[in-house]
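# Predicted model and sequence follow; I will ask about them next.
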Amino acid sequence: MENLFSEENQIVTIVIIGVLLLLLMAVALLLFFFFSRKKIVEKELEKKELEVEHQKEIIHATILTQEKERKRIAQDLHDDISSKLNVILLNSNFLIEGGLSKEESIKVNESIIKVTNKALKNARKIAHDLLPPILEKFGLASAIEEIVDEYNASKKVVIELNIQYTKNTLSKTQELHVFRIVQELINNSIRHGKAEKIQLDFIENNKSISLDYKDNGLGFDTKKAEEKKGLGMKNIESRVELLQGYILIKSSPNEGIKVSITF
């Protein structure tokens, strides 16, 4: 009988130990899942914070770009248009007041016509910079071809263009974003990169559009540039973001730059 009780006690003890071990394993698993979930949540929150910070940077860059454009337009209007209109007004007052000889009147009229033509030309240039008429009338492909032709004609740079794009695939707003991106890339290559050759491929695929760009300019260290991006590059990134696209930039000192944009 004593042996029987002893065996029963051993079985109960083993069962209790087994149950305790199972409980400990369950608690350990719960703790593991809890802390794992906590880490996942922390990572997600960190990712969201980075995304929010990135969005803030994009908005800030967009605002700075808009302000820069407004200042430039205001300066152009003040320097070019306003000053010429003042000259026209002054000469017109001479004619109204009279007392001028025939020859003087002819010279004043000629001056008014000359200054008026310049004012009209500058006004058209300002309007062209705001929204290129060829983009509005003939679409993105024609607008890119025109700007490439203008740069090639300047002899400052040779741009090879390969464009395969169906008109009106993108909205007018999206086309303007792409056009401004191309403008900014070329300006950066010439102004900062001192490039002499540029290759630009703008290809429409079945489900996406890609813009591949490279030059033979000075290039830069992308790691250092990441810390202090200029307004131009931030402007490009903000426009890519608005296009819901992706941008990849590769560059090294004295090896030019390669930019791949997909949207």
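Done, it's in.

# which regions of this structure sit below the pLDDT cut-off?
1-12, 15, 38, 51-52, 54-72, 74, 76-78, 127-130, 225-231 (pLDDT under 70).

# Which residue ranges of the stretch 101-250 of the chain form strands?
Ranges of strands in the stretch 101-250 of the chain, per DSSP state E, counting those that start in this stretch, are 158-164, 197-204, 209-215, 246-251.

# possible to save those strands as a markdown table with distance to residue 187 and mean neighbour count?
All C-beta atoms are positioned from the backbone trio N, CA, C, and that covers glycine. Below are the strands of the stretch 101-250 of the chain laid out as a markdown table (distance: least, C-beta to C-beta, whole Å; neighbours: other C-beta atoms under 10 Å):
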| stretch | distance to residue 187 | mean neighbour count |
| --- | --- | --- |
| strand 158-164 | 12 | 14 |
| strand 197-204 | 11 | 17 |
| strand 209-215 | 12 | 20 |
| strand 246-251 | 16 | 15 |
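
# Just put the ones you listed in JSON lines and tack on distance to residue 18.
Shown next, in JSON lines, are the strands of the stretch 101-250 of the chain (distance: least, C-beta to C-beta, whole Å):
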{"stretch": "strand 158-164", "distance to residue 18": "71"}
{"stretch": "strand 197-204", "distance to residue 18": "67"}
{"stretch": "strand 209-215", "distance to residue 18": "63"}
{"stretch": "strand 246-251", "distance to residue 18": "55"}
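
# Residue 141: which of the ones you listed is closest?
strand 158-164 (5.4 Å; C-beta to C-beta).

# Could you tell me how many residues sit around residue 245?
20 (other C-beta atoms under 10 Å).

# Can you report phi and psi for it?
Main-chain dihedrals, residue 245, degrees, to the nearest 10: phi -110, psi -170.

# My guess is it contacts residue 238. True?
No - using C-beta atoms under 8 Å as the test, residue 245 is too far from residue 238 to be in contact (11.4 Å).

# can you tell me which residues contact the most centrally placed residue in the chain?
Centroid-nearest residue in the chain: residue 236, 1.8 Å away (criterion: C-alpha atoms, centre = their mean). Residue 236 sits next to 181, 184, 185, 247 when contact means C-beta atoms under 8 Å, 6 or more residues apart in numbering.

# Using PDB, write out the CA atom coordinates for stretch 233-248.
Output of stretch 233-248 as PDB, limited to C-alpha atoms (Å, rounded to 0.1, in the frame of the first residue of the first chain):
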ATOM      1  CA  MET A 233      17.100  68.500 -55.800                       C
ATOM      2  CA  LYS A 234      14.500  68.900 -53.100                       C
ATOM      3  CA  ASN A 235      12.200  70.500 -55.800                       C
ATOM      4  CA  ILE A 236      12.700  67.400 -58.000                       C
ATOM      5  CA  GLU A 237      12.000  65.000 -55.200                       C
ATOM      6  CA  SER A 238       8.900  66.900 -54.200                       C
ATOM      7  CA  ARG A 239       7.600  66.700 -57.800                       C
ATOM      8  CA  VAL A 240       8.400  63.000 -58.000                       C
ATOM      9  CA  GLU A 241       6.400  62.600 -54.700                       C
ATOM     10  CA  LEU A 242       3.500  64.400 -56.200                       C
ATOM     11  CA  LEU A 243       3.600  62.100 -59.200                       C
ATOM     12  CA  GLN A 244       3.600  59.200 -56.700                       C
ATOM     13  CA  GLY A 245       6.800  57.900 -58.200                       C
ATOM     14  CA  TYR A 246      10.200  56.700 -57.100                       C
ATOM     15  CA  ILE A 247      13.600  58.300 -57.700                       C
ATOM     16  CA  LEU A 248      17.100  56.800 -57.600                       C
END
